[in-house]
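S.K.: here's my sequence, what's the structure:
(2 chains)
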Number of protein chains: 2
Amino acid sequence: MNVSTADPAPSTRPSPRSVRARHALMRTAERLYAEHGFAGVSMRMIREAAGHRNNSAVQYHFSSRDDLLQAILEHHAAAIERHRARLVAVLEERGEVSLREWITCVVAPGIEHHIELGTPSWYGRFLAQAVVEPGLREHARRVYTSTPSFQRLDRLRPAAPGRGDDELTERHAAMVRLLLVHMSADLETELAAGQAPPDEAERAWRRLGDNLVTAVLGLSSALLSQ
Amino acid sequence: MNVSTADPAPSTRPSPRSVRARHALMRTAERLYAEHGFAGVSMRMIREAAGHRNNSAVQYHFSSRDDLLQAILEHHAAAIERHRARLVAVLEERGEVSLREWITCVVAPGIEHHIELGTPSWYGRFLAQAVVEPGLREHARRVYTSTPSFQRLDRLRPAAPGRGDDELTERHAAMVRLLLVHMSADLETELAAGQAPPDEAERAWRRLGDNLVTAVLGLSSALLSQ
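M.R.: Modelled structure (predicted):
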């Protein structure tokens, strides 16, 4: 299939070649956004860095910049969902769940995903920008919290005294989300800058995971037991 | 003084009119960045929204986009510094400081600044984007933590068991900073969208301040007593 002469709307069943080209654009865009910021990257820079000479190469695969940004978010959310589904299934099997186990099930899937991505990765810094971008923040939140495994996890949540207060419940959830997103972006930045040797990357991610579980447990206990 | 014929480098003693024009550009830029994102705003949009017809109006006051962004950060940091200096002086007078009082001195100055700004404000969403922008994040961090009052506050810090671990100490500080920055941006977004009546804004900010002190206290106790 020749991309330049094909219909600009992708068919419902894209060819393997088209899927590869789409993923290559997503990876290139993610890296450029992570390194230069959302404001520092044009669609043209993405196209050129991905090796396309055809002016409409990005438009062929993505209807807009937002469509591209959302595709990157959804790609990673799907990978994290697979990790979480496995962990939730273990908790469901057992029935009784402690607050620490429950929080681990919130924190660990993102950490496992980062370990799989290897070093350097760009997703953490990409996501940290996406969640503060006015036009994207709501979409970014929904992509990660409306998944089946998150809904199953919600039903396993240990009772907490403060849960009747909607504002506090929502605020608590927001605090947890932003700790995960931005602390992961921080570690990714350090690892990418070579401030930690690559072979230590996995240990560094697990240490961050442990710190996050401890921090979220302390924060949750204090905030929800008021 | 006629701006269009003046030397492009601002003199060390700018005229009152030049100071006003500079501040007007900063306020306009901050609002546009907050509403449309760093990627959605050009220097031209800022100039036009601020009512300048002269193409070089922004360049006359700011040598670059980064210079403009840094000036906005420094303007707010100076206001927050005044609040913190007053609070630190009270603690210094007393000598003995509890962890809750110490954390209040970290949290409250930003909350007071937001109350002073009124509703709608744009600074919170501006700052949340600045701290994840690759070229700006280090500068944004330094502007807020290298101030005299922060250094005085650091000397009053109650001893914590985990303080020997440099990685954990730095990670803890990063968690606290991002809770303050991003939770403030969240509340500012809600208030600006009219999800809370304007006369409730002050109470909403104080409630966020209380929640943050409680959350940071719980997080700090858990993380630093490991």
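
S.K.: angle of whichever strand or helix holds residue A:176 against helix B:166-192?
M.R.: In this assignment (DSSP states H and E), residue A:176 forms part of helix A:166-192. Relative orientation of helix A:166-192 and helix B:166-192, computed by axes from the mean of the first three to the mean of the last three C-alpha atoms, to 10 degrees: 130 degrees.

S.K.: elements contacting helix A:166-192?
M.R.: In terms of contacts (3 or more C-beta pairs under 8 Å, 6 or more residues apart in numbering or on different chains; DSSP states H and E), helix A:166-192 is packed against helix A:99-117, helix A:123-130, helix A:137-145, helix A:201-224, helix B:166-192, helix B:201-224. C-betas here are computed from N, CA, C, even on glycine.

S.K.: starting at the chain centroid, how far to the top helix by length along chain A?
M.R.: Secondary structure of chain A read by DSSP state H shows that its longest helix is helix A:65-94. Distance, stretch centre to chain centre, for helix A:65-94: 8 Å (C-alpha atoms, centre = their mean, to the nearest Å).

S.K.: also stretch A:188-195?
M.R.: Distance of stretch A:188-195 from its chain centroid, counting by C-alpha atoms, centre = their mean, is 18 Å.

S.K.: buried residues of that stretch, list them for me.
M.R.: A:188-189, A:191-192 (16 or more other C-beta atoms under 10 Å in any protein chain shown).

S.K.: can you show me the CA trace of it as PDB?
M.R.: What follows is stretch A:188-195 as a C-alpha-only set of coordinates in PDB (Å, rounded to 0.1, in the frame of the first residue of the first chain):
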ATOM      1  CA  GLU A 188      12.800   9.100  34.300                       C
ATOM      2  CA  THR A 189      14.500  12.400  33.900                       C
ATOM      3  CA  GLU A 190      17.400  11.400  36.200                       C
ATOM      4  CA  LEU A 191      17.800   8.000  34.500                       C
ATOM      5  CA  ALA A 192      17.700   9.500  31.100                       C
ATOM      6  CA  ALA A 193      20.400  12.100  32.100                       C
ATOM      7  CA  GLY A 194      22.600   9.200  33.200                       C
ATOM      8  CA  GLN A 195      22.500  10.200  36.800                       C
END
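
S.K.: where does the prediction get shaky in chain A?
M.R.: Within chain A, the stretches with pLDDT under 70 are A:1-12, A:160-164, A:198, A:226.

S.K.: how's it carved up into domains?
M.R.: Chain A breaks down into these domains under automatic domain parsing: A:11-61, A:65-224.

S.K.: format those domains as CSV; extra columns: distance to residue B:106.
M.R.: Converted to CSV, the domains of chain A look like this (distance: least, C-beta to C-beta, whole Å):
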stretch, distance to residue B:106
domain A:11-61, 28
domain A:65-224, 15
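
S.K.: to residue B:172, which of the ones you listed lies closest?
M.R.: For the domains of chain A, proximity to residue B:172 was assessed by C-beta to C-beta; domain A:65-224 is nearest, at 7.9 Å.

S.K.: give me the buried stretch members for the longest helix of chain A, please.
M.R.: A:65, A:68-73, A:76-77, A:79-81, A:83-85, A:87-88, A:91.

S.K.: give me whichever of the helices and strands packed on helix A:166-192 is most buried.
M.R.: helix A:123-130 (a mean of 25; mean count of other C-beta atoms under 10 Å in any protein chain shown).

S.K.: packing partners for it?
M.R.: When contacts are defined as 3+ C-beta pairs under 8 Å, 6+ apart, helix A:123-130 sits against helix A:16-36, helix A:65-94, helix A:99-117, helix A:137-145, helix A:166-192.

S.K.: give me the distance between the two termini of stretch A:150-169.
M.R.: Start and end residues of stretch A:150-169 are separated by 16 Å (C-alpha to C-alpha, to the nearest Å).

S.K.: pull the distance from it to the chain's centre.
M.R.: Mean-position distance between stretch A:150-169 and its chain equals 22 Å (C-alpha atoms, centre = their mean).

S.K.: may I see the buried residues of it?
M.R.: With burial defined by 16+ other C-beta under 10 Å, the residues of stretch A:150-169 counted as buried are A:150, A:152-153, A:156, A:160, A:168.

S.K.: which members of those residues are positioned in helices?
M.R.: Members of these lying in helices (criterion: DSSP H): A:150, A:152-153, A:168.

S.K.: which among these gets closest to chain B?
M.R.: Comparing those against chain B with C-beta to the nearest C-beta places residue A:168 closest, at 7.0 Å.

S.K.: wait, that closest one touches residue B:211, no?
M.R.: Yes. With contact defined as C-beta atoms under 8 Å, residue A:168 reaches residue B:211; the gap is 7.0 Å.

S.K.: what residues are shared contacts of the two?
M.R.: residue A:223 (C-beta atoms under 8 Å, 6 or more residues apart in numbering or on different chains).

S.K.: still on that earlier bit, would you convert the helices and strands packed on helix A:123-130 into TSV that also reports distance to residue B:27?
M.R.: Shown next, in TSV, are the helices and strands packed on helix A:123-130 (distance: least, C-beta to C-beta, whole Å):
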stretch	distance to residue B:27
helix A:16-36	27
helix A:65-94	27
helix A:99-117	37
helix A:137-145	23
helix A:166-192	27
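
S.K.: so what does residue A:98 have for phi and psi?
M.R.: Main-chain dihedrals, residue A:98, degrees, to the nearest 10: phi -80, psi 160.

S.K.: helix, strand or coil for the residue lying closest to it once chain neighbours are set aside?
M.R.: Counting by C-beta to C-beta, 6 or more residues apart in numbering or on different chains, residue A:158 is the residue found nearest to residue A:98 once chain neighbours are left out, at 6.8 Å. What DSSP: H, G, I helix; E, B strand; the rest coil gives for residue A:158 is coil.

S.K.: quick one: residue A:158 and residue A:97 touch, right?
M.R.: Yes. Here residue A:158 reaches residue A:97: they are 6.0 Å apart, a contact under C-beta under 8 Å.

S.K.: tell me the one of the buried residues of stretch A:188-195 nearest residue A:48?
M.R.: Nearest member of these to residue A:48, counting by C-beta to C-beta, is residue A:192, at 21.9 Å.

S.K.: kindly provide the distance from the closest one to chain B.
M.R.: With the distance defined as C-beta to the nearest C-beta, to the nearest Å, residue A:192 ends up 11 Å from chain B.

S.K.: just to revisit the earlier point, for residue B:116, which of the domains of chain A is the nearest?
M.R.: Using C-beta to C-beta, those put domain A:65-224 closest to residue B:116, at 22.3 Å.
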